[in-house]
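Trainee: here is a sequence with its predicted model. Questions after.
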Amino acid sequence: MEKIIVTDVPRLEPERLDRLAAFGVATVHEAQGRSGLVEPEIRPIQQGARIAGTAVTVVCWPGDNLMIHAAVEQCQAGDILVVTTNSPNHDGLFGELFATSLQHRGVRGLVTTTGVRDTQELRDMDFPAWSAAVSAQGTVKATAGAINVPVVIGGAAIAPGDAIVADDDGVVRVRRDEVDAVLEASAARIAKEEAAREAFQRGELGLDRYGLRPVLEDQGVRYVTWADHTTDH
């Protein structure tokens, strides 16, 4: 692994990030063709947080959080810190003191393949985190890694400067150069869902609204009464 710190990551404007956050993970994921979703092993330690930010990426060695210390200096308001290790590790690389420092710099949250600790304190201070584990296991600060290089988090390829959206449903990545298109597609999806919601409130069935009856028919699905069903069996 190249030991490098890239210092000039392009940032996304707060207004665009806020719009992504308002749409949420599920809508954004669907709007960009069901891509970019981080695997569900990366889970929120809290409920009710919904954020979006520019990715600042960190690669650490297992059980070593030296590069998180170095990454704090590179973070700006509106960022989300995205941390992984060069081989799987669930030690508690991140806790309250890191969150305090990042919160001072305006960082919006953490996404990590490692463990986090001080989870109650993180919730109390409203610093949201999504992690693969909760672990009190301590770490060292000994071996250099990399900051602001491409990483893979839960199956999703993330480049520094990409947008990250995270909420109770998980985490999704939006490529930096696709943000505007995803915002437009997300708005269209919300409008479509609102029309469907109104139809369902009037009693319309999804089978009819989405034209699903022919799908069932084409696959040979039969409607039978309970009496006929029990007689057949």
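Mentor: It's in.

Trainee: helix or strand right after the lengthiest strand in the chain?
Mentor: Counting by DSSP state E, the longest strand found in the chain is strand 51-60. For strand 51-60, the succeeding helix or strand toward the C-terminus, using DSSP states H and E, is helix 66-74.

Trainee: could you report the neighbour count for P150?
Mentor: P150 is flanked by 13 other residues according to other CB atoms under 10 Å. For every residue, glycine as well, the C-beta is placed using N, CA and C.

Trainee: also R108?
Mentor: 24.

Trainee: OK, contacts around it?
Mentor: R108 makes contact with I51, A52, G53, G78, D79, I80, P128 under the criterion CB atoms under 8 Å, 6 or more residues apart in numbering.

Trainee: which of those residues sit farthest apart?
Mentor: For the contacts of R108, the maximum inter-member distance is 14.1 Å, found between G78 and P128 (CB to CB).

Trainee: so in terms of bridging, what pairs with G170?
Mentor: D167 (DSSP bridges).

Trainee: count the residues that sit near it.
Mentor: A total of 21 residues lie near G170 under the criterion other CB under 10 Å.

Trainee: just confirm it contacts A49, I think it does.
Mentor: No - between G170 and A49 there is no contact, the gap being 11.9 Å when judged by CB atoms under 8 Å.

Trainee: could you pull out the helices for the protein?
Mentor: Along the chain, counting by DSSP state H, helices occupy 14-23, 25-31, 66-74, 96-104, 119-124, 179-201, 206-209, 213-218, 226-232.

Trainee: mind saving the C-alpha coords of the second one as CSV?
Mentor: Right, helix 25-31. What follows is helix 25-31, C-alpha atoms only, in CSV (Å, rounded to 0.1, in the frame of the first residue of the first chain):
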residue,chain,number,x,y,z
VAL,A,25,-30.6,6.3,0.9
ALA,A,26,-33.5,4.2,-0.6
THR,A,27,-34.6,6.9,-3.1
VAL,A,28,-31.1,7.8,-4.1
HIS,A,29,-30.1,4.2,-4.6
GLU,A,30,-33.2,3.5,-6.8
ALA,A,31,-32.8,6.8,-8.7
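
Trainee: picking up where we left off before, so which of the contacts of R108 comes closest to E204?
Mentor: Nearest to E204 out of these is A52 (CB to CB; 32.9 Å).

Trainee: surely that closest one meets E15?
Mentor: No - if you go by CB under 8 Å, A52 and E15 don't touch, sitting 10.9 Å apart.
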